[in-house]
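Prediction below, plus the sequence it came from.
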2 protein chains.
Amino acid sequence: MSAASAQVDAPTAQIIDGKAIADEIRKEIAAEVKALQEKYGKVPGLAVVLVGTKGDSTTYVRMKRKACADLGIQSFSTDLPEDVTEEDLLKVVADYNANEDVHGILVQLPLPKHINEQRILDAISLEKDVDGFHPANIGALAMRGRTPLFTSCTPKGCLELLNRSGVAISGKRAVVLGRSNIVGMPVAHLLQGEDATVTVVHSRTPNPQAICAEADILVAAIGKPEMVRGDWIKPGAAVIDVGTNPIPDASKKSGYRLVGDVAFSEAKERASFITPVPGGVGPMTITMLLSNTVDSAKRAFEKAAHAQ
Amino acid sequence: MSAASAQVDAPTAQIIDGKAIADEIRKEIAAEVKALQEKYGKVPGLAVVLVGTKGDSTTYVRMKRKACADLGIQSFSTDLPEDVTEEDLLKVVADYNANEDVHGILVQLPLPKHINEQRILDAISLEKDVDGFHPANIGALAMRGRTPLFTSCTPKGCLELLNRSGVAISGKRAVVLGRSNIVGMPVAHLLQGEDATVTVVHSRTPNPQAICAEADILVAAIGKPEMVRGDWIKPGAAVIDVGTNPIPDASKKSGYRLVGDVAFSEAKERASFITPVPGGVGPMTITMLLSNTVDSAKRAFEKAAHAQ
């Protein structure tokens, strides 16, 4: 009996199924694409630029192009050799900026070392910056009373997971582990925008565990495999795990498996909500890219209709 | 004896003298202006635009123009009537954007209600945005690996006060009370940029006292007179009080006096460093505006020299 009551005191978390939520949103997006086509006779277009063939970039780009095809979004592709010059890459971006059938431009990162990444990202038209990485979009995200044209895909996906799971944000303490430009910093602004009280913990924080343990909402995006242990989790917290870290696993054909920044099996015994890795945040990122592309197309179509 | 030992346990804070630090920096700026004049035969120029004559704006603008004169910075002035149209104000900004003797443009806020403040601020050339309020400057401030052309004056002044007082920031817990675009948000990014672990507390935070009490560095910028009491302060904390709130005071000729967001007499018994109000952050704000103007002029002079 006492063992049974102990289990009642430590309920297992509800697993947030990112795949299912992403599928649900993709259905909504497909319907929007169809409505736009009916109204304007045009579909949204996304240009994906890939430089070289290294690492996971080829896989990510293939997934993005396939996702476009699945939803009726027109996909534009440019694959450039590893040794492309910065000027040639800028020319590709300029052409897509000028192409009115293209509503979003994504240059897959990281770029080779000889290319100035900031210069490329800044060259993407603000109106087509579907990754939301332009400083003017980040600035508008950070500022109260402004709305960015685009919110970066992974942070936007994290918020969708919380909102669609019914996790209350306003008035809660949120801790973001990691301060990257592409996840930690923008997700902190999104949480604060929904009236959470946000602390950003990073590699120079002396006592990350103590601060994480104060979090009603914990977003882990620091890229360290299973850094967050069970006792870092406040009982009842909602945990969003953005990490996707390969660790050696001889039982897998590939020789590795993916784990998050959170020790899932420990954390799920204390959290009220938790995302798995894989199948949590991952499926949301591309979905938010498609969502941003459709938003951009809608703005462009409406503007063109208004101008006539 | 026991009373004496108790006093040793509760030392009074060192008062951060904003006036003295501002004077020191102004001397450095004056020397820079002189050096620029000798090298390029030109001086930095700041344009200050005032709409109407309401509230404290006239006083602030007069102080800014006088500070320019004191330091050898050329001051350009445009005073417009309260009922000026948005288009006419945009024209003034465009003219200063085009004027190569002007290196900084400041439109005094707040603007009358019939004018779209965002539209005016966005019209100021990024290279002359000495207030640092343009989203692209805010974005660059928020992003790691980027440096904004200008950092907003009051937040920059807060960091100068901490740094010049020898307060360590890296690895410390900082709490920013208030999340405004002009102070709270940018000061949080500046503190995080110096490796503090930052929490932003705001009007929707249920327990501000408990969170403030964790702060090694507390920046209060919420605009509520003496909201922060002595027992909100962690013993030994550094406290920067950005508030300047008028409260009724029959003993003053004006009928009011200024107090900060912190109950100074209580807080100074627990803090290790504290800024007074007035005489703390206040004198730094205009000084940082002058500093930004000189930085801008230096960039413009160097660019022009390089182009020849």
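Okay, I see it.

where along the stretch 151-300 of chain A do the strands fall?
If you assign secondary structure with DSSP state E, counting those that start in this stretch, the strands in the stretch 151-300 of chain A sit at A:173-177, A:197-201, A:217-220, A:238-241, A:245-248, A:256-259, A:273-274.

quick one: contacts of the fourth one?
With contacts defined as CB atoms under 8 Å, 6 or more residues apart in numbering or on different chains, strand A:238-241 is touched by A:13, A:16, A:158, A:161-162, A:165, A:167, A:216-220, A:228, A:233, A:260-262, A:264, A:267, A:271-277, A:280-281. (Each C-beta comes from the backbone N, C-alpha and C, glycine too.)

what do you get for the fifth one?
Contacts of strand A:245-248 from elsewhere in the structure, counted by CB under 8 Å, 6+ apart, are A:Gly223, A:Lys224, A:Pro225, A:Glu226, A:Gly255, A:Tyr256, A:Arg257, A:Leu258, A:Val259, A:Gly260, A:Asp261.

Identify the farthest-apart pair in those residues.
Longest distance between any two of the contacts of strand A:245-248 is 21.2 Å, between A:Gly255 and A:Asp261; criterion CB to CB.

higher neighbour count, these two?
Neighbours were tallied for A:Gly255 and for A:Asp261 using other CB atoms under 10 Å in any protein chain shown; the higher tally belongs to A:Asp261 (24 against 10).

wait, that one sits on A:Trp232?
No - assessed by CB atoms under 8 Å, A:Asp261 is found out of contact with A:Trp232, at 10.5 Å.

For ChimeraX, what selects the buried ones among the contacts of strand A:245-248?
For anyone working in ChimeraX, the buried entries among the contacts of strand A:245-248, judged by 16 or more other CB atoms under 10 Å in any protein chain shown, can be selected with:
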select /A:223,225,226,258,259,260,261
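
can you tell me which of the contacts of strand A:245-248 lies nearest to A:Leu191?
Nearest to A:Leu191 out of these is A:Asp261 (CB to CB; 16.8 Å).

Just the contacts of strand A:238-241: which are in helices?
Among the contacts of strand A:238-241, DSSP state H puts A:Cys158, A:Leu161, A:Leu162, A:Phe264, A:Ala267 in helices.

Now rank the residues you listed by neighbours and give me the top one.
For the ones in helices among the contacts of strand A:238-241, the largest number of neighbours (other CB under 10 Å) sits with A:Cys158, at 29 neighbours.

State the pLDDT value of that residue.
Per-residue confidence (pLDDT) for A:Cys158: 98.

State the distance from it to chain B.
According to CB to the nearest CB, to the nearest Å, A:Cys158 and chain B sit 17 Å apart.

Pretty sure A:Gly282 is one of the things that residue touches, is it not?
No - A:Cys158 is not in contact with A:Gly282 according to CB under 8 Å; the separation is 11.4 Å.

quick revisit: looking at the ones in helices among the contacts of strand A:238-241, which one is closest to A:Ala35?
The closest of these to A:Ala35 turns out to be A:Leu161 (CB to CB; 25.3 Å).

OK, contacts around the nearest residue to that closest one once chain neighbours are set aside?
The spatial neighbour of A:Leu161 that comes closest, neighbours along the chain excluded (CB to CB, 6 or more residues apart in numbering or on different chains), is A:Ile16 at 5.4 Å. With contact set as CB under 8 Å, 6+ apart, A:Ile16 has these partners: A:Leu161, A:Ser165, A:Ile240, A:Phe273, A:Ile274, A:Thr275, A:Pro276, A:Gly280.

Who wins on neighbours among those?
A:Thr275 (32 neighbours).

circling back to that earlier point, kindly indicate which of the contacts of strand A:245-248 lies nearest B:Lys66.
Nearest member of those to B:Lys66, counting by CB to CB, is A:Gly223, at 51.4 Å.

How many residues are close by A:Thr151?
As a burial measure, the neighbour count of A:Thr151 was computed by other CB under 10 Å and equals 27.
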